[in-house]
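Chemist: Any chance you can model this:
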Amino acid sequence: MTGINDYIDNEVKGNDVVLFMKGTPGFPQCGFSGQVVQILDYIGADYKGVNVLDSAELRQGIKEYSNWPTIPQLYVKGEFVGGCDIVREMFQAGELQTFLVEKGVGVKGAA
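Modeler: Predicted structure coming up:
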């Protein structure tokens, strides 16, 4: 299982913002992934989408990596932020934009 863990680790640490999701940012394959994509696109955050449907090993691996049972999962600067509900709550409270800016991630709707 180390191979997949290394891959996940590289993605998480090698990109400022990574969304492990079902589908791709251009074509989300589940409603929850789609919501997070819409939020990130709306605030203008630059992020990388990783499609967990490409591999059962990746789909299981990301759940073990974060110790979080659901997908999507958002990481910022190597830190696990949360899934759809957490991202949506942070966005609605205006905390997501602030959090990204504090982490040095550019967003277009920065407060």
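
Chemist: Look up the closest residue to Asp16, ignoring the ones flanking it.
Modeler: Val105 (5.2 Å; C-beta to C-beta, 6 or more residues apart in numbering). (C-beta placed from N, C-alpha, C; glycine too.)

Chemist: Any figure for the gap between the residue nearest to Gly83 when sequence neighbours are not counted and Ala45?
Modeler: Of all residues not flanking Gly83 in the chain, Thr70 sits nearest, at 5.0 Å (C-beta to C-beta, 6+ apart). In this view, Thr70 and Ala45 are 21 Å apart by C-beta to C-beta, to the nearest Å.

Chemist: These two: which has the busier surroundings?
Modeler: Using other C-beta atoms under 10 Å as the criterion, Thr70 and Ala45 rank with Ala45 on top: 22 against 12.

Chemist: tell me the phi and psi of the residue nearest to Asp16?
Modeler: phi -100, psi 130 (degrees, to the nearest 10).

Chemist: what ranges do the helices span in the chain?
Modeler: 2-14, 31-43, 56-66, 84-92, 95-102 (DSSP state H).

Chemist: who wins for proximity to Phe20 among the ones you listed?
Modeler: Phe20 sits nearest to helix 56-66 of all those, at 4.8 Å, using C-beta to C-beta.

Chemist: Check which helices and strands that closest one sits against.
Modeler: Judged by 3 or more C-beta pairs under 8 Å, 6 or more residues apart in numbering; DSSP states H and E, helix 56-66 is in contact with helix 2-14.

Chemist: Go again with 10 Å.
Modeler: Contacts defined by 3 or more C-beta pairs under 10 Å, 6 or more residues apart in numbering; DSSP states H and E place helix 56-66 against helix 2-14, strand 17-21, strand 48-51, strand 73-76, strand 79-82.

Chemist: Would you mind giving the ones you listed as TSV with distance to Gln60 and mean pLDDT added?
Modeler: As requested, those are exported to TSV (distance: least, C-beta to C-beta, whole Å; pLDDT from 0 to 100):
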stretch	distance to Gln60	mean pLDDT
helix 2-14	8	94
strand 17-21	12	98
strand 48-51	14	98
strand 73-76	13	98
strand 79-82	16	97
